[in-house]
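Colleague: A structural model of the following input is requested.
(one chain, ligands or ions: 2)
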Amino acid sequence: MCAQTFGFIGTGNMGGAVARAVRKHLDGERLLLANRTASKAEALAQELGCRTADNETVAETANFIFLGVKPQMMAALLAELGPVLARRTNRFILVTMAAGLTIARIQELSGGNYPVIRIMPNTPAAIGEGMVLYTCSEGVSPDEEQVFLEAMSGAGRLSALSESLMDAGSAVAGCGPAFVDLFIEALADGGVACGLPRAQALEFAAQMTAGAAKLVLSSGQHPGALKDAVCSPGGTTIQGVRALEAAGLRSAVIEAVLASYEKNFDLK
Ligand SMILES: NC(=O)C1=CN([C@@H]2O[C@H](COP(=O)(O)OP(=O)(O)OC[C@H]3O[C@@H](n4cnc5c(N)ncnc54)[C@H](OP(=O)(O)O)[C@@H]3O)[C@@H](O)[C@H]2O)C=CC1
Ligand SMILES: O=C(O)[C@@H]1CCC=N1
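Modeller: Residues are numbered from 1 along each chain as shown. Ligands and ions are numbered 1, 2, ... in the order given. A predicted model of the protein is given here:
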């Protein structure tokens, strides 16, 4: 078990998901949770068997300080934490998960050239099936990166990514669960339209989506080839593919990723 303390400020959807993942490889004593609405942190602390604290205590004591607030709230939070961080004499690393905000911006807002790890997680991290992109600032040592990666390994796949590509990666891996959830919901609606009970339609749609994704990853085959393997000549699937192409599915998905990517620039 890791001897470092991990603190979370902001335990909402994403901060909470990452805290759940980190707890798998971290003793409860080493995990501190703070949230504006304290009851949210308290409920999660009860679930995870760890402690709550206020923002100041987390900023004073944690070795890895996860900033789990919305990008629009980051300036106010770091203005509050800045004096506390400036008083610290021991080593700490800020971990930001905020969409759009660069490492340089986090350093500027925090008032110090502190080491920062910028991550882009996603909600499946809560169950160990996440895709977590990360980039380390100068000043994060290889040993510290290793400690961080071990603690985060319960989140799913971790992939180092140049900061210049973080917004693009975010549009695919960070926002993507929402796009896939829409697709699963629509698949289930289609099943209901064909007469399936709702619960079964949803189960079939979700398990199929998980299985298809795992097949892409494990087979190494191009998704186009896997699609071809499903489409029997003169069969049923190709008629569905025809309908999706007529409705512009692929273009719609590409536009969705671009729209999410572009929004990052409003948040900087
Ligand atoms: N949701 C997602 O899928 C992803 C989100 N992110 C990033 O994660 C970050 C959080 O997003 P998300 O979890 O969705 O948002 P949420 O609104 O679910 O969570 C934000 C949390 O921060 C708390 N908070 C706000 N201000 C403060 C403060 N000053 N001190 C302590 N706690 C505070 C809020 O408390 P309260 O309970 O009072 O509202 C809330 O619980 C964002 O920066 C986002 O860009 C990154 C990848 C994916
Ligand atoms: O919608 C958002 O802003 C966050 C960032 C990536 C996923 N969700």
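Colleague: what residues go with each domain of the protein?
Modeller: The chain breaks down into these domains under automatic domain parsing: 6-161, 176-267.
Colleague: near ligand 2, anything from the shortest one?
Modeller: When you say that, I think you mean domain 176-267. No: Domain 176-267 stays clear of ligand 2 (Cβ under 6 Å from any ligand atom), getting no nearer than 7.2 Å. To be clear about C-beta, it is placed using only N, CA and C from the backbone, and glycine gets the same treatment.
Colleague: likewise the longest one?
Modeller: Yes: judged by Cβ under 6 Å from any ligand atom, domain 6-161 comes into contact with ligand 2 at A99.
Colleague: From the opening residue of that domain to its closing one, how far?
Modeller: Taking Cα to Cα, to the nearest Å, the first and last residues of domain 6-161 lie 22 Å apart.
Colleague: ok, L81 to A75 distance?
Modeller: Separation of L81 from A75 (Cβ to Cβ, to the nearest Å): 11 Å.
Colleague: Residue numbers of the stretch 1-150 of the chain in contact with ligand 1?
Modeller: Within the stretch 1-150 of the chain, the positions near ligand 1 by Cβ under 6 Å from any ligand atom are 9-15, 34-37, 40, 55, 68-71, 73, 77, 97-99, 120-123.
Colleague: ok, 8 Å please
Modeller: Within the stretch 1-150 of the chain, the positions adjacent to ligand 1 are 9-17, 34-37, 40, 55, 67-71, 73-74, 76-77, 80, 96-101, 119-123 by Cβ under 8 Å from any ligand atom.
Colleague: what about I117, distance to ligand 2?
Modeller: Applying Cβ to the nearest ligand atom, to the nearest Å, the value for I117 to ligand 2 is 17 Å.
Colleague: residues in contact with that residue?
Modeller: Going by Cβ atoms under 8 Å, 6 or more residues apart in numbering, I117 touches F64, I93, L94, V95, T96, Y134, T135, C136, S137, V140, E145, F148.
Colleague: Closest one of those residues to ligand 1?
Modeller: Proximity of those to ligand 1 (Cβ to the nearest ligand atom) peaks at T96, which lies at 7.6 Å.
Colleague: check contacts around the closest one.
Modeller: Contacts for T96 (Cβ under 8 Å, 6+ apart) come out as L67, M74, I103, I106, V116, I117, R118, I119.
Colleague: hmm, back to that, narrow the contacts of I117 to those in strands?
Modeller: F64, I93, L94, V95, T96, Y134, T135, C136 (DSSP state E).
Colleague: Could you identify the most distant pair in those?
Modeller: F64 and T135 (15.1 Å; Cβ to Cβ).
Colleague: Just want to know which of these two has more residues nearby.
Modeller: Taking F64 and T135 together and counting by other Cβ atoms under 10 Å, F64 has the greater number of neighbours (23 against 20).
Colleague: buried residues in stretch 56-71?
Modeller: Buried residues in stretch 56-71, counted by 16 or more other Cβ atoms under 10 Å: 58-69, 71.
Colleague: With pLDDT and secondary structure added, can I get these in JSON lines?
Modeller: Putting those into JSON lines (pLDDT from 0 to 100; DSSP: H, G, I helix; E, B strand; the rest coil) gives the following:
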{"residue": "V58", "pLDDT": "98", "secondary structure": "helix"}
{"residue": "A59", "pLDDT": "98", "secondary structure": "helix"}
{"residue": "E60", "pLDDT": "97", "secondary structure": "helix"}
{"residue": "T61", "pLDDT": "96", "secondary structure": "helix"}
{"residue": "A62", "pLDDT": "98", "secondary structure": "coil"}
{"residue": "N63", "pLDDT": "97", "secondary structure": "coil"}
{"residue": "F64", "pLDDT": "98", "secondary structure": "strand"}
{"residue": "I65", "pLDDT": "98", "secondary structure": "strand"}
{"residue": "F66", "pLDDT": "98", "secondary structure": "strand"}
{"residue": "L67", "pLDDT": "98", "secondary structure": "strand"}
{"residue": "G68", "pLDDT": "98", "secondary structure": "coil"}
{"residue": "V69", "pLDDT": "98", "secondary structure": "coil"}
{"residue": "P71", "pLDDT": "97", "secondary structure": "helix"}
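Colleague: Right, I'll leave it there.
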